[in-house]
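In: Here is a sequence with its predicted model. Questions after.
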Amino acid sequence: MIDVPAGAIARVAAESVGGFRLAALPPLALYVHLPWCVRKCPYCDFNSHEARGALPEDDYVAALIADLESALPHVWGRRVQSVFFGGGTPSLFSARAIDRLLAALRARLPLEPDAEVTLEANPGTFEADKFREFRAAGVNRLSIGVQSFDPKHLRALGRIHDEREAQRAVEIAHAHFDNFNLDLMYALPEQTVADAERDVGAALAARAPHLSFYHLAIEPNTVFFTRPPPLPDEDSSAEIGDLVERRLLAAGYEHYETSAYARPGAACRHNLNYWRFGDYLGIGAGAHAKISSADRIVREARARTPSEYMQRVAAGTHIVERRELARRDLPLEFMMNALRLAEGFPVSMFSERTGLPIVAAERALAQAEARALLERDHERIRPTALGRRYLNDLLALFLPA
Ligand SMILES: C[S@@+](CC[C@H](N)C(=O)[O-])C[C@H]1O[C@@H](n2cnc3c(N)ncnc32)[C@H](O)[C@@H]1O
Ligand code: SF4
């Protein structure tokens with residue numbers, strides 16, 4: 001990424017750009033970042049900020065709408081297939097604000113009639129009326145940050161909610177939404193295999209259409225990085241990961257992506273679009289975008305802190321990074337997404353999304369196949385179980401020479 005001085009947008013003359021054309025543009029999704037949380041969790045490195053006092057809701061919504069308007073020329077005439085309100089804690093926003101945003105979006109960009117519209121929610125923010133109103137505003141999927149149903153782990157993770165609130169969030173979700181996800185993490189501080197067994201049992205009892213199980217990562221710039229908690233060792237973590245997969249598969253979930261499990265038909269369409277190297281417009285503080293046109297693919301990032309973002313939107317300088325993807329980087333960029341999917345990808349999708357012939361990746365594909373990390377026929381390329389387990393080794397083969 002490059003830093004762009006205020007007011008100027010540099011188009012980076014990426015090495016060997018050009019020489020490709022996309023036959024058709026990929027599907028387009030919209031990501032909306034709502035950056036505030038009640039409290040910062042000690043493991044979290046997302047662009048989220050503790051809300052001190054009332055949220056500047058109206059000003060932020062106005063900035064989002066201005067941001068969207070300034071981006072319209074880049075996505076003109078394209079239909080949006082999914083919307084994702086992510087954070088931060090979007091459920092801190094009022095239903096009125098979400099309604100205003102969705103109405104503004106519909107007025108400016110054609111939204112598919114059956115578009116998936118997801119809102120991330122923290123169980124510490126659940127009020128039944130508010131969630132009924134989110135549904136009425138057009139949100140049709142929730143992603144609930146439960147993390148664990150075990151009180152000792154919720155405390156260790158510094159969560160604002162307890163296990164009763166987690167259960168209540170699940171009940172409210174069932175009452176108003178057909179489609180919802182629970183985010184859970186494993187390999188938690190001092191978590192034993194028996195603890196994990198109980199947590200998976202509680203997650204299954206919630207009967208969620210979709211479950212995300214993330215291995216807790218210790219990220220730089222977090223409290224857990226400076227003061228590491230006692231974590232299970234590698235063998236126990238792997239055992240817990242295997243246990244999660246075994247129990248969820250036995251209960252009828254499909255393990256369709258590294259951390260994602262879904263009932264048949266309930267895979268997250270918004271995330272599938274990322275993994276299939278589709279396009280997305282990201283608006284809001286720190287949001288990222290990937291937008292294709294016939295002969296280039298551009299990535300963008302917006303100013304990160306909410307106050308700077310709002311000021312910069314007013315000045316038209318909120319896009320602080322913009323770079324065109326170099327042709328030589330496209331195979332790795334594509335594979336980093338598509339090889340996360342258990343089903344892999346149809347061979348034709350590689351050239352549809354990158355504009356390159358599949359032979360551009362042939363050397364790495366052949367090496368991966370020889371090492372049993374990947375399998376393919378003339379129609380489809382997919383990672384093997386070994387390739388999914390050692391995904392970084394598989395992806396390293398696609399690094400540009
Ligand atoms: C952007 S957060 C939004 C969820 C919502 N704010 C909440 O926490 O209730 C999305 C998810 O990422 C996961 N996550 C965050 N930090 C993580 C970490 N360090 N390691 C693994 N997963 C993490 C959590 O499961 C979290 O629910
Ligand atoms: S509530 Fe979610 S986004 Fe906010 S700090 Fe915690 S994990 Fe991060």
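Out: That came through fine. Ligands and ions are numbered 1, 2, ... in the order given.
In: from here on, contacts and neighbour counts on C-alpha atoms
Out: Will do.
In: what's the burial count for Leu211?
Out: If you count neighbours by other C-alpha atoms under 10 Å, Leu211 ends up with 28.
In: Show me which helix runs longest in the protein.
Out: helix 234-250 (DSSP state H).
In: Residues contacting it, please?
Out: 186-187, 192-193, 196-197, 200, 204, 213, 215, 254-255, 261 (C-alpha atoms under 8 Å, 6 or more residues apart in numbering).
In: Check stretch 174-190 too.
Out: 131-132, 135, 140-148, 153, 156, 173, 196, 203, 208-216, 229-232, 236-237, 240-241, 266.
In: and if we set it to 6 Å?
Out: Applying C-alpha atoms under 6 Å, 6 or more residues apart in numbering, the external contacts of stretch 174-190 come out as 141-148, 210-216, 229-232, 237.
In: what about His174, distance to Asn181?
Out: Plainly put, His174 is 11 Å away from Asn181 if you go by C-alpha to C-alpha, to the nearest Å.
In: Same drill for these two, tell me which one is more crowded.
Out: Each of His174 and Asn181 has its neighbours counted (other C-alpha under 10 Å); Asn181 has more, 28 against 15.
In: Bridged to that one, which residues?
Out: In this entry, Asn181 is beta-bridged to Ser143, His210, by DSSP bridges.
In: Mind pulling the model confidence for it?
Out: Per-residue pLDDT puts Asn181 at 98.
In: Check which helix or strand the residue nearest the centre of the chain maps to.
Out: For the chain, the residue nearest the mean C-alpha position is Asn271 (5.8 Å; C-alpha atoms, centre = their mean). Element membership for Asn271 (DSSP states H and E) is helix 269-275.
In: May I have that helix as CSV, with CA atoms only?
Out: C-alpha atoms of helix 269-275 as CSV (Å, rounded to 0.1, in the frame of the first residue of the first chain):
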residue,chain,number,x,y,z
ARG,A,269,-23.0,-14.9,0.3
HIS,A,270,-21.1,-11.8,1.2
ASN,A,271,-18.1,-13.6,2.3
LEU,A,272,-18.3,-16.1,-0.6
ASN,A,273,-18.0,-13.1,-2.9
TYR,A,274,-14.6,-12.2,-1.2
TRP,A,275,-13.4,-15.7,-1.5
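In: Need phi/psi at Val61.
Out: phi -60, psi -40 (degrees, to the nearest 10).
In: show me the contacts for it.
Out: Counting by C-alpha under 6 Å, 6+ apart, Val61 has no contacts.
In: cool, Ala166 as well?
Out: Ala166 makes contact with Pro123, Val146 under the criterion C-alpha under 6 Å, 6+ apart.
In: Over to it. Which of the three states is it?
Out: helix (DSSP: H, G, I helix; E, B strand; the rest coil).
In: In terms of pLDDT, where does it sit?
Out: 97.
In: residues contacting the residue of the stretch 51-200 of the chain found nearest ligand 2?
Out: The minimum distance from the stretch 51-200 of the chain to ligand 2, using C-alpha to the nearest ligand atom, falls at Gly88 (3.9 Å). Applying C-alpha under 6 Å, 6+ apart to Gly88 gives the contacts Leu34, Pro35, Trp36, Cys37, Ser48.
In: residue contacts, the second one?
Out: Spelled out, that is Pro35. By C-alpha under 6 Å, 6+ apart, the neighbours of Pro35 are Ser48, Gly87, Gly88.
In: Am I right that the second one is in contact with Tyr31?
Out: No: because the distance of 10.0 Å does not satisfy C-alpha atoms under 6 Å, Gly87 is recorded as not touching Tyr31.
In: any weak-confidence spans in this structure?
Out: For the chain, residues meeting the criterion pLDDT under 70 lie at 1-19.
In: Look up how far Arg340 lies from the closest residue to Leu374 other than its chain neighbours.
Out: Distances taken as C-alpha to C-alpha, 6 or more residues apart in numbering put Pro383 closest to Leu374, at 4.2 Å, once the chain neighbours are dropped. Separation of Pro383 from Arg340 (C-alpha to C-alpha): 8 Å.
In: ok, those two, which is more surrounded?
Out: Pro383 (26 against 22).
In: Phi and psi next, for the more buried one.
Out: Dihedral angles (degrees, to the nearest 10) for Pro383: phi -70, psi 150.
In: Touching, it and Arg371? I think so.
Out: No: the pair Pro383 / Arg371 is not scored as a contact, 11.2 Å apart, by C-alpha under 6 Å.
In: circling back to that earlier point, from the contacts of Gly88, which land in strands?
Out: Among the contacts of Gly88, the members falling in strands (DSSP state E) are Leu34, Trp36, Cys37.
In: Which helix or strand contains the residue lying closest to Ala29 once chain neighbours are set aside?
Out: Closest residue to Ala29 apart from its sequence neighbours, by C-alpha to C-alpha, 6+ apart: Tyr280 at 4.6 Å. Assigned by DSSP H and E, Tyr280 belongs to strand 279-283.
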